[in-house]
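In: Structure for the following, please:
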Amino acid sequence: GVCIVITPLIALMKDQVMALKAAGVPAAYLNTPLNPGQMQLAMERAVQGSYKIIYVAPERLKTAAFRRMAQRMNISLVAVDEAHCVSHWGHEFRKDYGEIAGLIRSLPQRPHYAAFTATATEEVKQDMITLLGMHDPLLLVTGFNVPNLYYEVLEPVYRDRALVYICRAMKNQSGIVYCLSRKNVETVCELLQDKGFSATRYHAKLDTSEKQQNQEDFQYDRKRIMVATSAFGMGIDKSNVRFVIHYNMPQSMENYYQEAGRAGRDGEPAECILLYSDQDVMIDKFLLEKKDFSEIDPEDIEMIRQRDNIRLRSMEGYAKSSSCLRNYILKYFGEAYLPKTAKEYKTKSKNAQEAHEAIRPSDVLNTPKKLEDKLDSDAYKLYELIWKRTVACQMNPAVMDKVAIDFLSSDKKILLRANGQVIAF
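Out: As a prediction, the model looks like this:
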């Protein structure tokens, strides 16, 4: 029989088909890059049994031509990729996924049926089973813990400086910097290029040829850093990504986990660093308010808005969490806490340690240029200690310099309080 793979990853279909053909598996894709003549020929060959695997986008399922073809084929398996898209609870809801269950019911013989996703909460899993019309399916969950990934949230006052220091500490290794907007992608990419980094860009407004060229430059290490919106990375097969930095906070834990998970696919240590600012929450709320609901049934819009806001609050909770970030992720996706915070999960790689240490108060908080010259080494170490405690206690960094300098120049016993709490002594 034939396997039908339903996937929204249109840009990757051609590459996947070429890889299968190279491995000796007859395969095809039915998608818009084919002209009408090519599409007709591919569908005729599909009916004749020339292919073992056929890739199709979900929006094609409702066309009369595809339905007629499916009726005449011996379909033995339907595989649904990115199956969370069927759920209103999912972070990437697509109305066309609702056609899948109807397609299955319309076939002369019900085929085997499989659905796959990397980011499903308990609510999404239940929606997948119900809305895809699955009957008592076998559930296989491989787990959400990725031991080689190190998670960290930083809240620098000057985000650009922090980004540059982190990238510099990563020492010319491959990494992705995710931004919320196309404007940020352009600005950040230009910043990194001006600082001497081998960086390129990716967002939806670039023309197809440039997106393809930039993706290949990153894929084959001609460019070390990809600055991109969430449009980049779906299905990307690059194993040596050593760091993923989120320049802005994503709108959901699903987005963050999926994008951060593009680091360290070779099993080697990799870093997932979020540069958080309270302003990100306001930007995310604004973007959610402007979300396109043109293809959504009016009665569903308010429910989707509410669920978007719930996901955003969970993401904000991650950014502000003082507990183990790995366990926060596991709890969100319904997985049991790790029994202990094992050392191998807490230890930063050498690059991450250097990146963290590189964000010094004189750089990030814009202290006077010659402050280090004014203080002896012991005094400056103490200044750094106070700075770190200040950040940890969420004291206003704007007053940090004056507090620290006055404090260090006094001969009195050391005692610094913030909101009644002793933070250094």
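
In: Following the chain onward from the longest helix along the chain, which element is next?
Out: When the chain is parsed with DSSP state H, its longest helix is helix 298-320. On the C-terminal side of helix 298-320, the nearest following helix or strand under DSSP states H and E is helix 325-332.

In: For that next one, name the packing helices and strands.
Out: strand 149-154, helix 253-260, helix 298-320 (3 or more CB pairs under 8 Å, 6 or more residues apart in numbering; DSSP states H and E). All C-beta spots, glycine's among them, are computed from the backbone N, C-alpha and C.

In: Output those in CSV, with distance to residue 50 appended to each entry.
Out: Listed next are those as CSV, based on distance: least, CB to CB, whole Å:
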stretch, distance to residue 50
strand 149-154, 42
helix 253-260, 35
helix 298-320, 40
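
In: Which stretch among these is buried most, on average?
Out: helix 253-260 (a mean of 22; mean count of other CB atoms under 10 Å).

In: rewinding a little: any chance of the helices and strands packed on helix 325-332 in JSON lines, plus mean pLDDT and distance to residue 328?
Out: Below are those laid out as JSON lines (pLDDT from 0 to 100; distance: least, CB to CB, whole Å):
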{"stretch": "strand 149-154", "mean pLDDT": "93", "distance to residue 328": "9"}
{"stretch": "helix 253-260", "mean pLDDT": "93", "distance to residue 328": "8"}
{"stretch": "helix 298-320", "mean pLDDT": "88", "distance to residue 328": "5"}
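
In: May I see the buried residues of the host helix or strand of residue 288?
Out: Applying DSSP H and E as the criterion places residue 288 in helix 278-289. Neighbour counts over helix 278-289 (16 or more other CB atoms under 10 Å) mark 280-281, 283-284, 288 as buried.

In: all helices of the stretch 151-300 of the chain, in order?
Out: Secondary structure of the stretch 151-300 of the chain by DSSP state H, counting those that start in this stretch: the helices cover 159-169, 182-194, 208-219, 253-260, 278-289, 298-320.

In: Just give me how far the fourth one sits from the chain centre.
Out: Averaging C-alpha coordinates over helix 253-260 and over its chain gives two centres that are 4 Å apart (CA atoms, centre = their mean, to the nearest Å).

In: and what of the longest one?
Out: For helix 298-320, the separation from the chain centroid amounts to 17 Å (computed by CA atoms, centre = their mean).

In: which stretches of the stretch 301-425 of the chain have low pLDDT?
Out: Low-confidence segments of the stretch 301-425 of the chain (pLDDT under 70): 337-425.

In: switch to 50 and redo it
Out: 341-344, 346-347, 358-376, 388-425 (pLDDT under 50).

In: buried residues in stretch 190-208?
Out: 191-193, 197, 199-203, 206.
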